[in-house]
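Asker: Kindly return the folded structure for what I paste below:
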Amino acid sequence: MKIENASMVPDKIITEKIYLIREQKVMLDRDLAELYGVETKRLKEAVKRNLFRFPADFMFELTLEEFNNWRTQFATSNAEKMGLRYSPMAFTEHGVLMLSSILNSKKAIEVNIQIMRIFTRIRQIFTDTLSLKLEVEEIKKRLKNQDKNIELVFKYLDNLITRQQNPTPRKRIGYKANN
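Answerer: Got it, this is the predicted structure:
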């Protein structure tokens, strides 16, 4: 699938090309090449010429096990594997950003801007979700304390009811008249 105009790439297509590998959100070289409108081979060549720009936290090559796991997770066919002689490169958000500096085409820059916006949205969704989880935990803690307090109140009420039902004779207080 060749993508002609960067502005016509739906966000959904880009979002579907972001995977979680090694606990990181990454995009694979072949997907990025497709989005940028270049051959995967050319993208890899550009990266290898500028390897110093891609430390391990920007880009890594998938192991055979990771690649096979990725293929089975997403049910990719053997036809999609054809032509793969080398392990795919996985680019983190920073690696994708760095790619735009070595691929100097207008389309690469436009698509890259769109990808960065999507990564930012994903991070924001994650942050929002995390803050909601923290709030829910805080509410659970409060409810747990409320349960203990309510239990204590009921215990005191039970004691009062028991005392009312079985009153013990009380000693009179005050002045006593001798009659």
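Asker: which strands and helices sit next to the longest helix that the chain contains?
Answerer: Secondary structure of the chain per DSSP state H: the longest helix is helix 106-165. Counting by 3 or more CB pairs under 8 Å, 6 or more residues apart in numbering; DSSP states H and E, the packing neighbours recorded for helix 106-165 are helix 11-16, strand 24-28, helix 29-36, helix 93-102. Where you see a C-beta, it was placed from the backbone N, CA and C, and this is true even at glycine.
Asker: so that helix versus helix 29-36, what angle?
Answerer: Here the directions of helix 106-165 and helix 29-36 differ by 120 degrees (axes from the mean of the first three to the mean of the last three CA atoms, to 10 degrees).
Asker: Give the rounded mean pLDDT of helix 106-165.
Answerer: Mean per-residue pLDDT for helix 106-165: 80.
Asker: Okay, angle between that helix and strand 24-28 too, please.
Answerer: 150 degrees.
Asker: circling back to that earlier point, burial-wise, tell me which of the helices and strands packed on helix 106-165 comes out on top.
Answerer: Between these, helix 29-36 has the highest mean count of neighbours, a mean of 22, where neighbours are mean count of other CB atoms under 10 Å.
Asker: any idea how far the longest helix of the chain is from the chain center?
Answerer: Put simply, helix 106-165 sits 17 Å off its chain's centre (CA atoms, centre = their mean, to the nearest Å).
Asker: ok, now stretch 54-71?
Answerer: 19 Å.
Asker: So what's the model's average confidence on that stretch?
Answerer: So the average pLDDT for stretch 54-71 ends up being 84.
Asker: Tell me how far the residue nearest to the spatial centre of the chain lies from Tyr36.
Answerer: When CA atoms, centre = their mean is applied to the chain, the residue found nearest the centroid is Phe126 (4.8 Å). For Phe126, the distance to Tyr36 (CB to CB, to the nearest Å) stands at 26 Å.
Asker: try Gln165
Answerer: 83 Å.
Asker: can you check Arg117 too?
Answerer: Arg117 is 16 Å from Tyr36, by CB to CB.
Asker: and if you look at Val96?
Answerer: From Val96 to Tyr36 the distance is 10 Å (CB to CB).
Asker: Can you work out which residues contact both of these two?
Answerer: Here Val96 and Tyr36 have Asn112 as joint contacts, going by CB atoms under 8 Å, 6 or more residues apart in numbering.
Asker: Quick check, Lys25 in contact with Arg121.
Answerer: No. Assessed by CB atoms under 8 Å, Lys25 is found out of contact with Arg121, at 11.6 Å.
Asker: Correct me if wrong: Asn50 contacts Ile102.
Answerer: Yes. In this structure, Asn50 is within contact of Ile102 by CB under 8 Å, at 4.8 Å.
Asker: thinking again about what came up before, Glu151 is nearest to which of the helices and strands packed on helix 106-165?
Answerer: Smallest distance to Glu151 across the helices and strands packed on helix 106-165 (CB to CB): 45.1 Å, for strand 24-28.
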